[in-house]
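Enquirer: Fold the following.
(one chain, ligands or ions: 2)
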Amino acid sequence: MNVVTGEEMHQIDRYTIEEIGLKAELLMENAGLAFVSSILHLMNKKTAKIAVLIGVGNNGGDGFVISRSLLEKGYQVDVWLIPPVKKVKGTARYHMEVFKKCGYEFTSYEAITCEDLVRNLKGKTHVIDAMLGTGLVGPLRQPYKEIIEQVNQLECQIISVDLPSGLPANGNSCITDAIKASRTITLQCPKLGAYTFPSREYYGDLTIVDIGIPKLAIKQIDSERFLWTEENVACSLPVRKPSSHKGSHGKGLIIAGSRTMTGAPILTAKACHRLGAGLVTLALPDTIINTVASQLIESTFHLCPSVNGEINSLNLDDELMNRFDAIAVGPGLGRNNNGEFIETLLHDFDKPIVIDADGLFYLKDFLTILAKRKGTTILTPHLGEFAYLINEPIAKVEKNRFQVSRDFAVKYGVYLVLKGPYTVVTTPGGQQFINTSGNPSLAKGGSGDVLTGMVLALLMQQKDLQSAISNSIFLHGMAADYLISHEYSPLSVMASDLINIMPKVLNSIQNRYHKYR
Ligand SMILES: NC(=O)C1=CN([C@@H]2O[C@H](COP(=O)(O)OP(=O)(O)OC[C@H]3O[C@@H](n4cnc5c(N)ncnc54)[C@H](OP(=O)(O)O)[C@@H]3O)[C@@H](O)[C@H]2O)[C@H](O)CC1
Ligand SMILES: [K+]
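Expert: Ligands and ions are numbered 1, 2, ... in the order given. Sure, this is the predicted structure:
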């Protein structure tokens, strides 16, 4: 599913209307009806008292269709038109006339004061925000500003049409005043701002509804941003052939661990086994082998000479190294040596390498080598690690995370996994895939180590690397979602729980989508 900017959405609308010939009035009707179908379950017809706030443009036009549809169904609805009536034009005007001809009325904000409106809204159970949508330009003007300030203080449910009014669709501009919705029903394509912070916090729960825009119109924009959903995972997870053997599912090497971080290699290796890797070897500092090996019965081990309890060199000749199909390096390595073995890997190993955690810390010194590397490289930083890697403040990375991660991935020819809420995977070609699973229970030590093992496992089993990476991230988040919907709280989930619950997560996805198997 494409994730679009406001401008891209307008291009899609234009193509649908002008080239394909679907009438704007019909699209608006579809939009309003799809919105209503998706909220009916939230409203009790006997007790719901609904207000619809209608703006000057087509978002307001959707509001007229929504109001008519709810009134036709017998709901109690008060409708408020915010701009002067004469300013309502085009498709919105058409639906305003239809609304009136059906015998319904609205109150014009022009004729009353803000206090009158607020008094009325205080008695409502639901306010539908159809004031402003993707056509917002610049800082919010009056009278929307004063109305939005008041609406945000109400205690009722606020449901926004397409996006919360006052919020820029693209998310990265400065937010002054915007509706703080309890729920947003987005029309056809999710907007970029819904996956950017702090913009996302204004959306509340997000639902995306189909309003009948043809796929061909969406293809025209040549967008490079997509959502990666459960359905994408279900259709692309590897299926084992009856004739397969352990060599068919990859031989992975994990270079991890140090004297003070013995848990990281255990988590990474266990997660890698759990997601189906054929063989997993752990390269560890020689001093911690007993501690780690006692927790891992499925892995084999390679001992590396250590200094200060951290790996100092790999002690792997080319032949030995090239027996592996992929390598993951970084979890719990420590930062007290010079990390020259990372340079060796980048030079000598031409198959996929996943670099995480302290591996990324060392990588900063070898970025020129990274840019020249022929083999595939996958970097999995969180915001802080990425900000350090590119020498920028965290706040700047957060605000422009789509742009900065794209710039980096294209410049260095890597797959960049920028972790956090709505983790973004950027391919070396610049396409971006936004993850839709997960919850704040993942913000805990060890959860990144688990993800690294999962990425390593799937990339050895799937031809398409982007699917392999996005699937690992989705399953990792889905494990956290599964846990908190089954008696865990976001406080209690531990990284090892993600690994332990994975069989149930895989089963649930495979059962639900058995048509793809
Ligand atoms: N996705 C679809 O296919 C469909 C979407 N629909 C809905 O249409 C809106 C987008 O409609 P549009 O008319 O382009 O935009 P808005 O509804 O946001 O209104 C734009 C007008 O708002 C005024 N404006 C702009 N910026 C500000 C501001 N900062 N402060 C106050 N007012 C502002 C301005 O009007 P003026 O008269 O004041 O100049 C703009 O012209 C989309 O979001 C969907 O909800 C269609 O229904 C169907 C298809
Ligand atoms: K809106």
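Enquirer: ranges for the strands of the stretch 351-500 of the chain?
Expert: With DSSP state E, counting those that start in this stretch as the criterion, the stretch 351-500 of the chain has strands at 353-355, 377-379, 415-418, 424-426, 432-435.
Enquirer: Looking at those strands, which is nearest to ligand 2?
Expert: strand 432-435 (21.6 Å; Cβ to the ion). In short, each C-beta sits where N, CA and C put it, glycine included.
Enquirer: Tell me the helices and strands packed up against the helix or strand bottoming out on mean pLDDT in the chain.
Expert: Scoring the helices and strands of the chain by mean pLDDT, DSSP states H and E places helix 318-321 at the bottom, with a mean of 83. Here helix 318-321 is seen to pack against helix 340-348 when contacts are counted using 3 or more Cβ pairs under 8 Å, 6 or more residues apart in numbering; DSSP states H and E.
Enquirer: how distant is the helix it packs on from the center of its chain?
Expert: 32 Å (Cα atoms, centre = their mean, to the nearest Å).
Enquirer: For that helix, buried residues please.
Expert: 341, 342, 343, 344, 345, 346 (16 or more other Cβ atoms under 10 Å).
Enquirer: Same question for stretch 78-87.
Expert: 78, 79, 80, 81, 82, 83.
Enquirer: So which residues lie in contact with that stretch, not counting its own?
Expert: Applying Cβ atoms under 8 Å, 6 or more residues apart in numbering, the set of residues contacting stretch 78-87 from outside is 49-56, 60, 63-64, 67, 88, 96, 99, 104-110, 117, 120, 124, 131, 143-144, 147.
Enquirer: Name only those of the residues you listed that count as buried.
Expert: 49-56, 60, 63-64, 67, 88, 96, 99, 106, 109, 117, 124, 131, 144, 147.
Enquirer: which residues touch the residue nearest to the spatial centre of the chain?
Expert: The structure's the chain has its C-alpha centroid closest to residue 422; by Cα atoms, centre = their mean the separation is 2.7 Å. Residues near residue 422 by Cβ under 8 Å, 6+ apart: 195, 200, 434, 435, 436.
Enquirer: ok, the third one to residue 402 distance?
Expert: To tie it back to what came earlier, the one meant is residue 434. Look at residue 434 and residue 402: by Cβ to Cβ, to the nearest Å, they are 9 Å apart.
Enquirer: start to end distance for stretch 374-391?
Expert: Stretch 374-391 has its terminal residues 25 Å apart, counting by Cα to Cα, to the nearest Å.
Enquirer: What residues of it count as buried?
Expert: By 16+ other Cβ under 10 Å, the buried positions in stretch 374-391 come out as 376, 377, 378, 379, 380, 381, 382, 385, 386, 387, 389, 390.
Enquirer: Dump those residues into a markdown table; add distance to residue 160 as well.
Expert: Formatted as a markdown table, these follow (distance: Cβ to Cβ, whole Å):
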| residue | distance to residue 160 |
| --- | --- |
| 376 | 41 |
| 377 | 41 |
| 378 | 37 |
| 379 | 36 |
| 380 | 34 |
| 381 | 33 |
| 382 | 30 |
| 385 | 34 |
| 386 | 31 |
| 387 | 32 |
| 389 | 36 |
| 390 | 34 |
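Enquirer: Residue 122 versus residue 206, what's the distance?
Expert: 27 Å.
Enquirer: Counting neighbours, go ahead and name the busier of these two.
Expert: Relative neighbour count places residue 206 above the other of residue 206 and residue 122, with 18 against 12, counting by other Cβ atoms under 10 Å.
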